[in-house]
Each structure stands twice: as structure tokens, then as C-alpha cells.
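Asks: need a structure here:
(2 chains)
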Amino acid sequence: MAEKITLSDLNKTLTEMNVQSLEGLKIEGDVEIDLDVGAGGVGPLFAYYFGEQAAKIAMQLMEFAKAVGYPVQNLMQPVAVAQAISPAPKDIAAAAAAVPAFKVASALASAKFSVGVDKTWKHPIQEVTLGATKADGGSRGHVVKLGGEKAMPFFPDAAMPHAPKITMDVFDMPIGMAKAVKMHYEDVINSPGEWAKKAVRDFGADMVTVHLISTDPLLKDTSAQDAVKTVEEVLQAVDVPICIGGSGNPDKDPVVLSKAAEVAQGERVLIASANLNMDWEKIGKACVDNGHVCLAWTQLEINSQKELNRKLMKVAGVPRESIVMDPTTAALAYGLDFAYSNMERIRLGALKGDDELTFPMSSGTTNAWGVRESWMVRSPNKDDSDWGDRMLRGPIWEILTGYSLAMAGVDIFMMMHPTAVAYLHEITQSLMGRIDAKTPDANAWLKMGV
Amino acid sequence: MKETSPLNLYKQLPQTNCKKCGEETCMAFAAGLIARTRKVEECTPLIDEKKYAKKLGTLRSTVAPELKMVYVGVGEKQAKVGGEDVMYRHQMTFFNKPPFAYDVADNMEEAKLIERVKKITTWRKFYIGKWQGVEMIAVRSVTDDPAKFAAAVKTVMANGNGFPLILCSFNPAVLKAGLEVAAKEKPLIYAATKDNWKEVAQLANDYKVPVTLSVPFDLDGLKSMAVTFAEMGLTDLVLDPGTAPNGKMLQQTLTNFINLRRAAVEEAQRDIAYPVMVLPINAWLTTDDPVRASYWESVLTAAFVIRGGAIMIKHSLEPHSMMPDMHLRFNIYTDPRTPVQVKPGIYKVGNPGPESPVFLTTNFALTYYTVESDVASNGIDAYIIAINTDGIGVQASVAGGQLSPVKIQDSFNEAAFDWSGQKYPAMVLPGMAAKFSGELEDLFAGKAKIMVGPEDSGRIIGWMKDFWPPK
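Replies: Numbers count the residues shown, from 1 in each chain, chains lettered A, B, ... in the order given. Okay, the predicted model is just below:
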């Protein structure tokens, strides 16, 4: 039956009694009536008159049944019928009067919006200085300051004293890179010094990180003596503060990094990194003895991070102003949710006063290039929509990985792609209110003709 | 819901342990309500029996989300907007990922319009065992012509596959024309402003649709309008506090979003606790360079996916925008309370037999589903063994010791895999676990050959051509 009839239509039809027979009508069990609430509010009066209308139909059906000879009289108590069709009792009418019909207000209310700040944030993050100028016994042109925050990043509670910083990766031997990254470094891939210069001069890096990966016994197994030559080369090539990274080999890194720390004595470099699966004490002590900052690396686990920080301070004697944390960056689509919440929890814990966590954080944002979506030409899944141009997909993958973690509290980013570096810089500066630009009309998008 | 104790919710339940909800006890159901895994409506006695009416009322208001949930659309594609309870995801989880509404305009040629609608509604990408896609379409009135807008809305609906709509215009006559066509599908209208709010309030009432209140960069004004609408009985509201795409106003925009979320979930200010709309599309007003515009749109999307955006109007349909934005939203809205693991053991992909390879991976859901989809979508019949690494991926579990040759041996034993039934008994290690091959050759000597596969399972198809079957 495509035709729709209202209850009053049905009532009217039945009233006229021009119905000769109801064919195929079968009422089984309970009858459910769905009211389209969207078609109008169900107020008390509506409910009342709906009930009344239904009762009237029942009456009409009864009359009709009587007319065709069915003894319906016995089925219904007259009194109930009489009540059902009497005018709305006073209390129902009153309830109906209390629900006003829709009426457009004559004027806007005048309300004030206000909200407090987070009063549990009482403890600032430790400020850490990287690099040392001549005045402090080093040879850097300037220093980089991290930390000092009193609130979550970009929150209105307290301004961030220092903008997030970017240190660009330099490797001491050619490594496999995504095509979108490699094209920027092909000319310097065999010279860490030139590579560092390019990162600072052309791509605006705040710092550079020299990764001594050739010392890995599974790669070239170069000696600590060879490695320190690379460190010296980079220190001479650029005058920004530097970070020195090992190969990740837990047996060799303490040896290589200690030697590198000696050679860079006085430069206040960031030594990357100490972790619980190696001789962290040796690395921590090398930092203390040579005036460097120690990067404390753990794998996505807040309690391990506390443990390592505690050990570095209490056992190796690393002062508070010489610790930065790397709680591990799992990149966008490869576990970013773990990295994000781990860092956010660490930062919130620190602000609330957990003094084993009140340190600046570092992110290995370059990990974004390990995600297949950042570098693969096309999807291995044939049913995916087209993945488009990987040269455009890669940089945005690194931008969003870094930027999300900036929101969680990262102070310094290790990055590779120059476009990603530029965007991360621009958005973090923007959110600190440091970039002036004419804001377009907020409503213009409605009619824009893209 | 601020309540954290199941006991307090238990008091509002029938306490009969009738098991109709599937739980053994009412207390277990109460715990489910706290965890948001159960809904009040699933306690049928509470709903059906009049004597519980008061309890039902109390319970409903107790479990209501701190930030109101607004429904847009009808049917299975209906979008849930808002409904959040926490400021930071680790405090419980974010519940309803902000729907992405991609724009179309009423001045587009019909063929172009249909093409764009098709692109929006069919875009998809596989990730962790699920298809990701778009949720909504926003129809902008560029012409300001009611008839043209109505025609465009009709075309979108005819081709839109049931996607919920946002009807966008500040002209009440245009909105009305759109509603005449689309009201029964319950679109969200955009927007009531300080100039048109009376007419738009009337439309929202007449057509029973949710409405956006747009008062850019003025939270007092926005709250005033929300209060006014609520007093008129209109509470299906979405707030647009303005999205500045650049400059100092962008900082102000983020501050506004943070403050609105705080007011809703930390201070229980119910008169402003409505879902908030973001307009990443505004990035396109800052530049003529499409790559820059799409990158910046992604950056804005990320900011507000993380900090309080409940629904977004977006523009770029380029893969380099949609893929990162969808993954970021997926990651941030993943429930941190649920372990992202698959059951360890042997899985069959396709229809594997004696000539099929056995690929080895870990039980981290992301890793497992990635391998599975790479194998399945290329029509390869294979076994995959998911080793229990406590849900850690290959690279990290090789480094951390959760994946080891002995663990691999134990896993095959537990799964009782019958090597003798295989024509080419061989396991294929992930490239990142290559260093185990020597030790595994000793452990599986005489049983199975150890092969080293690619570092990324996306290259399994190429690897098969070169190395399978083994010589």
C-alpha cells in the first residue's frame, strides 16, 4: 500500500461508513505504531489527542463490526470509551500549556564564556641548553634552548618559552633512503661535513645530528677513532650545536659515544643515546665528564623512561639540566597512537610534578620514512584507491608524524626532508603566535571557486 | 559521564541479575556502562517496566556524554558527532572520530558534480583490517540561488549513496530550498549567524534538523547563541567558533578549541558542551598553490583531530591529503584500552595447500593485517603464522627479544603445523628478522627450509615471482 493516510483520514472514512468490507485485514498480536518524532514534537496534548483519535477509530471499527453482525458490545466497557473521547482533563491541558509551542526568541541572550586553566600543572619542564659558544668554552655560533614549559604545548595556560627545534640527520656513510629524500642529499652523501653545511645553509636546520652508523659491526665496523674524525669534520663544517648518534649497537655504542664525547669536549653536544639494554652508565659518565647532554632513550614505556632517567641521575651522576628524553617515535600509521599517548602522559605527569619525567623530549621523526605509505610507488592492496604521487605523500607523512608529537610535548625533532622541516617550523611558529599573516575572511570558503 | 564507579550505576539498575542483557549480573552490566561497551537501552527491563522509570531517567542523565552527541543523517551511514568524555585520549578513549565532510558546490556542472560525489563516496584505503573512507558531503551554495542549490542537493543525493549532508549557506531561502529536498535525510545545516539566526532557528525547528551556529572568534557571542537556541528547544547544535588558517588568529583558533573542550569535559558547562566544527578547507584561502594548500589543510586537520574538532569540512581529495589525514584520525581515535593484537597461531589466506608458502609475522594487529592484505589482495594462497610477541611489531620485537628462534619453534609446535604435508616445507621470515635464519636452520633441520622474505610485505608479490617455489 503506497498510499499514506493519517489517523484522522481513517477515522473520517470509517465515519462515513461507506466501507462495505475490509478485505485482507488481519490484526495479529500487538499493534506497534511508530511515531515520526521528527515530524513534530510529542507534547502532552499530542499524546492525549493521539490516544483519543485511536479510541475514535476503535469506536468506528466497533460500529462497523456491529454493522456486519459481529457481537462487539461485550468486548468493550462503555465507560472506558466514554473517558477516552472526553475533552482533555485539566491536568493534561495544564501540562500542555507548560510546553510552549516553538517560538523564535526576540533577541539573543547575552552570555559570557569563561573557562579556567589546569591548576594541576605546577611544575615547569627542566630547561636544557645545547651547544656552547666561545664564552662558555665551546665553538658554536649560538646555543639552542629546550624545555621550560609550564603547560601542554600551545595551550593558553602559559606561553612556551622556547619554540620546538629541528636537528637534521647526517650519516657517516651512504644509506638507503626514500627517493623523495635522497634527491636532496645525492651531492653530499659521501661527505658528512658538506651534508651538515647543506642542512644548515639550505634547509634552515637549528642543529645537525651526525649518525655514526658505519661503526656498526654488521655494517662497516669502523673504529671509534674513525668515528671521531667524522665528528670533528662536522664540528668544523657548521657552527650550530650538534647531536652525535651511534649505530644502535648496544655493545659498541658506549665505546664509540664515549670517545666522541671526549673529542667534542666543551661543545655541549647531545649524545644519542643511552638506553637500559646497554652500558648506560658509561655513556652517562662520558656526558658528565665532558659537559654534554645525554639523550635517554626508551621504547614506548613510561616506567622504563622513569627508571632510565633515575639511573642516569643517581648512578651516573648526570645533572638534571643535562638530560633529554627520547620515548620513541612510532610514526603515523605505524603505531603513532602509542608514541603520541606515551609522550602526552609523560608530559602531563611531569607538569603535575613527577620529577623523574620533567625533561624535554626528542622525536626521531625520520621514522616516518619507514612507513610504506610514505615511500611506496603504489598500494600493494589492489582494492585501495590510488595512492597518488609518492613524492608528495612522503613529506606530508613526516610533517604529520612530527607535528602530532609536537602537540604531545616534543621539544626537538630529528628530521630529514627539507619540506617537512619547513612546514613543521611554520606550524609550530604559527601556533606560538610568531607569524604575522592576514587572516582571510572566515566565511569566504562558502563561496570560493576552487 | 564523570562517574567511574560501577557501584553507583548499579544502584540505578533493576538489580535482578536477569541476564537478559547477556551479562551474568547487573554489576557486570554496570561495569560495561562505565567502560562504554554497553548501552542503557540494552537493559530491556529498565526500559520496558514502568516501575523503573525514575531509575532510567537518573541513569540516562548520569551516563550521558559530557560533550553532547549530535546525529547527522539517517540509516546505517548516520554520523555521530561529538559525544566525548575526556580531554586526552589516554584518560579513556576518544569515541566518535570527527566525520570528514568533503565539499561540492552548487555552481558545478552536473557531470563534474557527479564525478566529485563519486570520488568522495568511493574513496577507500585498507588499514588494520578495516576500510577507511569518507563519511559526509558538504554542499556549498556559491550561487546563492535557492533553485540551483536545491537542484545540486538533489543531484548529490541521487549519487551520494546515503552519505549524510551538510547544507552550507548563510541565506535562509537557500537553506530552505535545500531542506525541501533533503530534510528527510536529516542533514546538518550551516549556519545560523548573528544576522540570520531567527530565520535559521525557524528552519531547524520546522524541518527537525541539527544546526550549526557560526560566530567566528567570539566565544561570548557563540555561547549567547547556543543559550538562545537551547531556550527555544533547539539542542541538536554544532558550534563553529571560526577556523583561521594562518597568522596569529590560528593560535587564537587553537586556544578557542582547547577552551571549548575544557569547558565541556573538565568543567561540565552544559550550555556550551556541543560538538565543534573545524574548517580545514580554509587553507585554500591562503594560497594559489594546490600542493601548499593541501599540505596546510592536512596540518590544520591534524591540529584539530588532536585538540577537540568533532566534525570537519575539507576540500583536497588528493591521495597525499586523504591518506595521512585518515591515518592520523584513525590513530588518535583508536581505543587505547583495547590491545591491538590478533590471536597467535596459523591463519589461512585464500585456499592454501601443500604447495603454499608459510609466511611468518607477529601478532601486532597492524603488522598481521598488513601482511594478510598484501598476500590476499594479490591472490596468493598462503599460510601466515602470527607469533605471540605481546602485540609488538617485527622490527621492535627482534630488537627487544619478544621474537626469537626458540619462540618461533614453540609457536609452530603449539599450532601443531604438519610440515610433512607440505610439498615445499619452508617458512618465510620477514626481512627484518633475517638474522635468525642461521639459528632457525639448526632448529628446523630436516623439517623445514628457512627462507628470508622482503623487508616490507608489500614486496611479497615480487618475492614470490623470484623465489617461490624454492629450488
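Asks: which residues sit in contact with the residue of the stretch 351-450 of chain A found nearest chain B?
Replies: Ranked by C-beta to the nearest C-beta, the top residue of the stretch 351-450 of chain A for proximity to chain B is residue A:388, at 3.1 Å. In short, each C-beta sits where N, CA and C put it, glycine included. By C-beta atoms under 8 Å, 6 or more residues apart in numbering or on different chains, the residues touching residue A:388 are B:318-320, B:323.
Asks: select from these the one having the most neighbours.
Replies: Most neighbours among these, by other C-beta atoms under 10 Å in any protein chain shown: residue B:323, with 27 neighbours.
Asks: please report how far it lies from chain A.
Replies: 6 Å (C-beta to the nearest C-beta, to the nearest Å).
Asks: would you say that residue is within a strand?
Replies: No - counting by DSSP: H, G, I helix; E, B strand; the rest coil, residue B:323 is not found in a strand; it is helix.
Asks: so it makes contact with residue A:394?
Replies: No - using C-beta atoms under 8 Å, residue B:323 is not in contact with residue A:394, being 11.1 Å away.
Asks: about what we covered before: from the contacts of residue A:388, which is closest to chain A?
Replies: Nearest to chain A out of those is residue B:319 (C-beta to the nearest C-beta; 3.1 Å).
Asks: could you find the closest non-adjacent residue to the closest one?
Replies: Spatial nearest neighbour of residue B:319, chain neighbours left out: residue A:388 (3.1 Å); criterion: C-beta to C-beta, 6 or more residues apart in numbering or on different chains.
Asks: helix/strand/coil for the one you found?
Replies: coil.
Asks: could I get the contacts of residue A:388 as JSON lines with secondary structure and pLDDT?
Replies: JSON lines is the format used below for the contacts of residue A:388 (DSSP: H, G, I helix; E, B strand; the rest coil; pLDDT from 0 to 100):
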{"residue": "B:318", "secondary structure": "coil", "pLDDT": "98"}
{"residue": "B:319", "secondary structure": "helix", "pLDDT": "98"}
{"residue": "B:320", "secondary structure": "helix", "pLDDT": "98"}
{"residue": "B:323", "secondary structure": "helix", "pLDDT": "98"}
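Asks: pLDDT below threshold where in the stretch 51-200 of chain A?
Replies: Within the stretch 51-200 of chain A, the segments meeting pLDDT under 70 span A:51-89, A:91-93, A:95-99.
Asks: for it, which segments count as helices?
Replies: Ranges of helices within the stretch 51-200 of chain A are A:78-84, A:90-98, A:179-182, A:192-201, based on DSSP state H, counting those that start in this stretch.
Asks: just the stretch 201-350 of chain B next, same as before
Replies: Using DSSP H, counting those that start in this stretch, the helices of the stretch 201-350 of chain B run over residues B:219-231, B:247-261, B:290-306, B:319-332.
Asks: list, one by one, the residues from the stretch 51-200 of chain A near chain B.
Replies: A:102-105, A:108-113, A:115-116, A:118, A:154-156 (C-beta under 8 Å from any C-beta of the partner chain).
Asks: can you give the domain ranges for chain B?
Replies: Chain B breaks down by automatic domain parsing into domains covering B:6-63, B:69-332, B:345-467.
Asks: and residue 333, how many neighbours?
Replies: Since no chain was named, I'll use chain A. Residues contacting residue A:333 under the criterion other C-beta under 10 Å number 27.
Asks: meant chain B actually
Replies: Residue B:333 has 16 nearby residues by other C-beta under 10 Å.
Asks: so the nearest residue to it once chain neighbours are set aside versus residue B:193, what's the distance?
Replies: Nearest non-adjacent residue to residue B:333, counting by C-beta to C-beta, 6+ apart: residue B:97, 4.0 Å away. In this view, residue B:97 and residue B:193 are 28 Å apart by C-beta to C-beta, to the nearest Å.
Asks: and for residue B:38?
Replies: For residue B:38, the distance to residue B:193 - C-beta to C-beta - is 40 Å.
Asks: ditto for residue B:83
Replies: With the distance defined as C-beta to C-beta, residue B:83 ends up 25 Å from residue B:193.
Asks: please apply the same query to residue B:413.
Replies: Relative to residue B:193, and taking C-beta to C-beta, residue B:413 is found at 69 Å.
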